[in-house]
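Undergrad: starting from these lines, generate the structure:
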Amino acid sequence: MLLVHTAEGKPLPREHGGPVRMITPQLYAWKGSKWIQRIEFLTHDRPGFWETRGYSNTAHPWRDDRYS
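TA: Model (predicted):
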C-alpha cells in the first residue's frame, strides 16, 4: 500500500485523489480503497468487507484469484 500526497514535487490535486490517495499495487480494482477514514495496524489478518462476501483475500488479478 502506498499513500501518495505529492506528484512531481507538488501537492496531489483533488482530481487525482488529493489530498492523499491510497494505491494498492497488484490487486483487483474492487480491492482498492476509494475513501480512507482510518488506518489500522493489526497483528493478524481480519476478513474485510469483500472477504466476508465470498471474495478472495489475496485477489491476485493474474492468477484468476477473484473468489474464495
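
Undergrad: and the worst-scoring helix or strand of the chain on mean pLDDT, which residues are buried?
TA: When each helix and strand of the chain is scored by mean pLDDT, DSSP states H and E, strand 21-23 comes last, with a mean of 85. With burial defined by 16 or more other CB atoms under 10 Å, the residues of strand 21-23 counted as buried are Arg21. Just so you know, the C-beta spots here come from the backbone N, C-alpha and C atoms, and that holds for glycine as well.

Undergrad: what's it packed up against?
TA: strand 2-4 (3 or more CB pairs under 8 Å, 6 or more residues apart in numbering; DSSP states H and E).

Undergrad: quick one: mean pLDDT for the helix or strand that comes right after the strand it packs on?
TA: Next along the chain after strand 2-4, taking DSSP states H and E as the criterion, comes strand 6-7. For strand 6-7, the mean per-residue pLDDT is 93.

Undergrad: next secondary structure after strand 6-7?
TA: Per DSSP H and E, the first helix or strand lying C-terminal to strand 6-7 is strand 10-11.

Undergrad: buried stuff in stretch 42-55?
TA: Buried-residue list, stretch 42-55, by 16+ other CB under 10 Å: Trp50, Glu51, Tyr55.

Undergrad: tell me which of the residues you listed is nearest to Pro25?
TA: Of all the buried residues of stretch 42-55, Pro25 sits closest to Trp50, with 17.2 Å by CB to CB.

Undergrad: next one: that closest one from Ile36, what distance?
TA: Distance, Trp50 to Ile36, using CB to CB, to the nearest Å: 16 Å.

Undergrad: for Pro25, grab phi and psi.
TA: phi -70, psi 150 (degrees, to the nearest 10).

Undergrad: nearest spatial neighbour of it, skipping sequence neighbours?
TA: Excluding the flanking residues, the one nearest Pro25 by CB to CB, 6 or more residues apart in numbering is Leu2, at 7.3 Å.

Undergrad: count of residues packed around the one you found?
TA: Leu2 sits with 8 neighbouring residues when counted by other CB atoms under 10 Å.

Undergrad: start at 16 instead
TA: Noted, 16 is the first residue going forward, which turns the last one into Leu17.

Undergrad: and it, bridged to which residues?
TA: In this entry, Leu17 is beta-bridged to Ile38, by DSSP bridges.
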